[in-house]
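> attaching a predicted model along with its sequence, questions to come.
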Amino acid sequence: MKHLARIAASVATVVFMGSAARAEITVCNDFHTPIHVAFAYENEGRYTAAGWWSVEPNACQPVDFAFQGAALYYAADSDNYKDGRLTKHDHWGNKVKLYVTKKDFKFDDAGQRRRGASAEMFSSAALTQPPQGKSLSITCHFKPGGTTIVTKPLP
């Protein structure tokens with residue numbers, strides 16, 4: 001019986017050490033129109049994705065996304081804007097195709113086609129893991145032509 005308890009404790013320690021720490025995610029819109037952001041993470045070949053958080057230009061706001069893992073996937077779309085005679089919009093994301101809806105969503109298997117969803121390209125950012133037991137702060141800056149992801153351990 002004691003042997004089983006030791007094995008269970010060892011397994012729990014390994015599982016805890018291999019799991020991702022809690023992360024606080026903030027989105028900063030360094031673009032000139034509102035943006036709409038979605039996030040995802042991969043676990044055992046399946047993507048959990050949620051969105052859309054809207055962020056006004058020149059503003060930052062926290063998002064409530066229960067991130068897990070070592071890579072954060074993200075996609076963002078700007079509102080339409082005029083560029084001369086043309087109407088344009090920008091998209092951030094170009095690595096992984098996930099299925100999302102135009103309205104707020106949360107899908108546990110976003111890599112699979114589903115009724116009412118369309119494919120959206122997500123980019124990924126590999127994250128440095130914080131020291132064991134610490135939380136991670138992730139700040140995503142969406143700007144013309146790219147995205148900057150800044151991470152740091154929280155106290």
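Looks like it arrived, so ask away. Numbers count the residues shown, from 1 in each chain.
> could you find the closest non-adjacent residue to the most centrally placed residue in the chain?
When Cα atoms, centre = their mean is applied to the chain, the residue found nearest the centroid is Phe39 (2.9 Å). Nearest non-adjacent residue to Phe39, counting by Cβ to Cβ, 6 or more residues apart in numbering: Phe65, 4.7 Å away. Using the backbone N, CA and C atoms, a C-beta is placed for each residue, glycine as well.
> what is the least confident helix or strand in this protein?
helix 2-18 (a mean of 34; mean pLDDT, DSSP states H and E).
> and after that helix, which helix or strand comes next?
On the C-terminal side of helix 2-18, the closest following helix or strand by DSSP states H and E is strand 23-29.
> what are the pairing partners of that next one, and which direction each?
Using DSSP bridges, strand 23-29 pairs in its sheet with strand 59-63 (antiparallel), strand 136-143 (parallel).
> tell me how far the helix or strand just after that strand lies from the chain's centre.
Tracing the chain past strand 23-29, the next element assigned as helix or strand by DSSP H and E is strand 35-43. Its chain's C-alpha centre and that of strand 35-43 lie 3 Å apart, by Cα atoms, centre = their mean, to the nearest Å.
> what sits up against strand 35-43?
25, 27, 29, 47-55, 63, 65, 67-69, 71-79, 92, 96, 98, 100, 105, 110, 120, 122, 140, 142 (Cβ atoms under 8 Å, 6 or more residues apart in numbering).
> then stretch 128-143?
Against stretch 128-143 from outside (Cβ under 8 Å, 6+ apart): 17, 20-31, 35, 37, 55, 60, 67, 70, 72, 74, 76, 92, 127, 147-155.
> how distant is it from the center of its chain?
With Cα atoms, centre = their mean, you get 11 Å for stretch 128-143.
> and what of stretch 146-155?
12 Å.
> list the buried ones in it?
The neighbour-count check on stretch 146-155 (16 or more other Cβ atoms under 10 Å) flags Thr147, Ile149, Thr151 as buried.
> so which of those sit within strands?
Applying DSSP state E to the buried residues of stretch 146-155, the entries found in strands are Thr147, Ile149, Thr151.
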